[in-house]
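In: mind looking at a prediction? Sequence and model below.
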Amino acid sequence: MDTELINLSVSSSESIIFSIFIIFTSAAILATIALFARQALLVAYIAVGIILGPSVLNFVPDTEFSRQIAQVGIMFLLFLLGLNLHPQKLLASLKQSTLVTLIASLVFAFIGFIAAWLLELSRIDQLIIAGAFMFSSTIIGLKLLPTTVLHHQHVGEIIISILLLQDILAIILLLLIETQGTNTNTLHALAKLSLALPGLIAFAFIVERFIIIKLMSKFDKIKEYIFLLAIGWCLGIAELAHFIGLSHETGAFIAGVSIAVGPISFYISESLKPIRDFFLVIFFFSLGASLDIGIAWELIIPATITSVVLLLVKPYIFKLLIYKSGESKQDANEIGVRLGQLSEFSLLLGFVALGAGVISLEAANFIQVCTIVSFILSTYLIVLKYPTPIAISDKLRRD
């Protein structure tokens, strides 16, 4: 029996090592080709996932493994963004963005509802798809945003506030779906959630003030320790957030904001960027690997039409609302374009609803294909039009 367990462990370890090897070797090769062809790197990573995933070559059949690892990349992304955002600026941005987010979400939900209605899906499918269409991608919106330019720091503050409010809406929707068909009281769960967020914020800032900041000040010359403490703080608060009913991403963002005013936040931000990028490559790989080519081919036309409509309507609605809130037309238009796609939460909403038996397989697949198509189209639109770290044009490339 012990021998069987050892053999199983070795086999699993070899599988993980091979998966990481094949993912990054293939990503490096395709990224090189993409750069010479002046194509977007994020699209290359998705293409690697499609090619190596179960639908084509099946070199990496365990997409759940890569999906879970990719989640860490999203947490680090939010943590690093929180490090660059002062709490007072965040509060001001949230006040400005609340009405914008709510109105925009209702408009986008209506688009999703109409798309599902045209596909003649059931009423519950229509409602779930409408909910999935309310959100924009944290990764596309922020990964493609330069962080070293003052103008984009302001744009980033507004984008972050909108995405954070969308995260809260997504958590509420996920909670409502998960309580369907169970003995869980929805109102009780929502009341618990309303206490969880302010409680987590208070806890994070208290621990930061009385413990974290003192440890960093005392051992600030030992960079290895600061690096480890930052990772532990990010993942610890993220896991605590998940434990009390919030998302890992929300916890990681709160962890970042709580130490944003610290003396060495810039060092932490710079040192964690390579780790963030490592995990985000796996995220885009897992996105492509989870796509069933056969099903995608059947839905590609309605999904593409829907995604194009989104990329036309979303920027316009955001531009109109953000401009009315007091921002310049230039900033409002750029923010709208950067938030024109669907979200990782769209995928999660479809997955959870399917697992709970709430929606049909066709509806869940439609959400997935629309999300991936909107990711690809939105990425090209952004890198061709605005400064990004991976811009196709040298003039638009900004770190």
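Out: Nice, thanks for sending it over. Computed from a predicted model, the values in this text were never measured in an experiment. Numbers count the residues shown, from 1 in each chain.
In: put the alpha carbons of the one helix or strand Gly131 maps to into CSV.
Out: Following DSSP states H and E, one finds Gly131 within helix 123-132. The C-alpha coordinates for helix 123-132 follow below in CSV (Å, rounded to 0.1, in the frame of the first residue of the first chain):
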residue,chain,number,x,y,z
ARG,A,123,-35.7,32.1,-18.7
ILE,A,124,-33.3,31.1,-16.0
ASP,A,125,-30.6,30.7,-18.6
GLN,A,126,-31.4,34.3,-19.8
LEU,A,127,-31.1,35.6,-16.3
ILE,A,128,-27.8,33.9,-15.5
ILE,A,129,-26.3,35.1,-18.8
ALA,A,130,-27.5,38.6,-18.1
GLY,A,131,-25.7,38.4,-14.7
ALA,A,132,-22.5,37.1,-16.4
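In: counting contacts, what elements does that helix pack onto?
Out: Applying 3 or more CB pairs under 8 Å, 6 or more residues apart in numbering; DSSP states H and E, one finds that helix 123-132 contacts helix 87-118, helix 344-355, helix 361-385. Where C-beta positions appear, they are placed from N, C-alpha and C, glycine not excepted.
In: for stretch 236-256, measure first residue to last.
Out: End-to-end span of stretch 236-256 (CA to CA, to the nearest Å): 12 Å.
In: for it, give the mean pLDDT please.
Out: For stretch 236-256, mean pLDDT rounds to 87.
In: contacts for that stretch next, please.
Out: If you take CB atoms under 8 Å, 6 or more residues apart in numbering as the criterion, stretch 236-256 is touched by 71, 74-76, 78-83, 85, 138, 160, 164, 167-168, 170-171, 175, 189, 192-193, 196-197, 199-201, 203-204, 233-235, 258.
In: buried stuff in it?
Out: Under the neighbour-count criterion of 16 or more other CB atoms under 10 Å, stretch 236-256 has 237-238, 240-241, 245-256 buried.
In: do the same with stretch 194-214
Out: Buried residues in stretch 194-214 (16+ other CB under 10 Å): Ala196, Leu197, Leu200, Ala204, Phe205, Val207, Glu208, Ile212, Ile213.
In: Throw the residues you listed into TSV and include distance to Ile301 and pLDDT, thanks.
Out: Conversion of the buried residues of stretch 194-214 to TSV gives the following (distance: CB to CB, whole Å; pLDDT from 0 to 100):
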residue	distance to Ile301	pLDDT
Ala196	42	84
Leu197	41	83
Leu200	44	91
Ala204	46	92
Phe205	50	91
Val207	52	92
Glu208	51	89
Ile212	52	90
Ile213	55	87
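In: which member of those is positioned nearest Ala130?
Out: Ala130 lies nearest to Leu197 out of the buried residues of stretch 194-214, by CB to CB, at 24.3 Å.
In: so what's that closest one closest to, chain neighbours aside?
Out: Leaving aside its sequence neighbours, Leu197 sits nearest to Leu246 (CB to CB, 6 or more residues apart in numbering; 6.3 Å).
In: doesn't that neighbour belong to a helix?
Out: No. Residue state for Leu246 (DSSP: H, G, I helix; E, B strand; the rest coil) corresponds to coil; a helix is not indicated.
In: quick thing: my sequence starts at 10, can you match it?
Out: Let's use 10 as the start, then, which means that last one is Leu255.
In: how far does the helix holding Gly140 sit from the chain's center?
Out: 20 Å (CA atoms, centre = their mean, to the nearest Å).
In: what's the closest non-adjacent residue to Pro96?
Out: In space, Pro96 is closest to Val266, 5.7 Å off (CB to CB, 6+ apart).
In: please, which helix or strand holds that neighbour?
Out: Counting by DSSP H and E, Val266 is found in helix 257-267.
In: now the element after that helix, going C-ward?
Out: Note on helix 257-267: by DSSP H and E, the next helix or strand toward the C-terminus is helix 274-298.
In: what helices and strands are in contact with that following helix?
Out: helix 11-45, helix 50-61, helix 72-92, helix 147-152, helix 232-252, helix 370-394.
In: in JSON lines: those, plus distance to Phe287.
Out: JSON lines is the format used below for those (distance: least, CB to CB, whole Å):
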{"stretch": "helix 11-45", "distance to Phe287": "8"}
{"stretch": "helix 50-61", "distance to Phe287": "12"}
{"stretch": "helix 72-92", "distance to Phe287": "7"}
{"stretch": "helix 147-152", "distance to Phe287": "13"}
{"stretch": "helix 232-252", "distance to Phe287": "13"}
{"stretch": "helix 370-394", "distance to Phe287": "19"}
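In: quick one: which of the ones you listed is nearest Phe354?
Out: Taking the helices and strands packed on helix 274-298 one by one with CB to CB, helix 147-152 is closest: 8.2 Å.
In: Leu66 and Val57 touch, don't they?
Out: No. Using CB atoms under 8 Å, Leu66 makes no contact with Val57, being 10.5 Å away.
In: who has more neighbours, those two?
Out: Val57 (26 against 13; other CB atoms under 10 Å).
In: quick one: residues contacting the more buried one.
Out: Going by CB under 8 Å, 6+ apart, Val57 touches Ile32, Ser35, Ala36, Leu39, Phe294, Gly297.
In: point out where this protein drops to low pLDDT.
Out: 10-23, 94, 156-161, 187-195, 198, 271-272, 399-408 (pLDDT under 70).
In: Phe354 reaches Phe142, doesn't it?
Out: No. Between Phe354 and Phe142 there is no contact, the gap being 10.7 Å when judged by CB under 8 Å.
In: okay, now the residue nearest to Ser28 when sequence neighbours are not counted: neighbour count?
Out: Once flanking residues are discounted, Ser28 sits nearest to Val69: 5.0 Å by CB to CB, 6+ apart. Neighbourhood size, Val69 [other CB under 10 Å]: 24.
In: return the residues in contact with Val69.
Out: By CB under 8 Å, 6+ apart, the contact set of Val69 is Ser28, Ile31, Ile32, Leu61, Gly62, Ser75, Phe294, Ala298.
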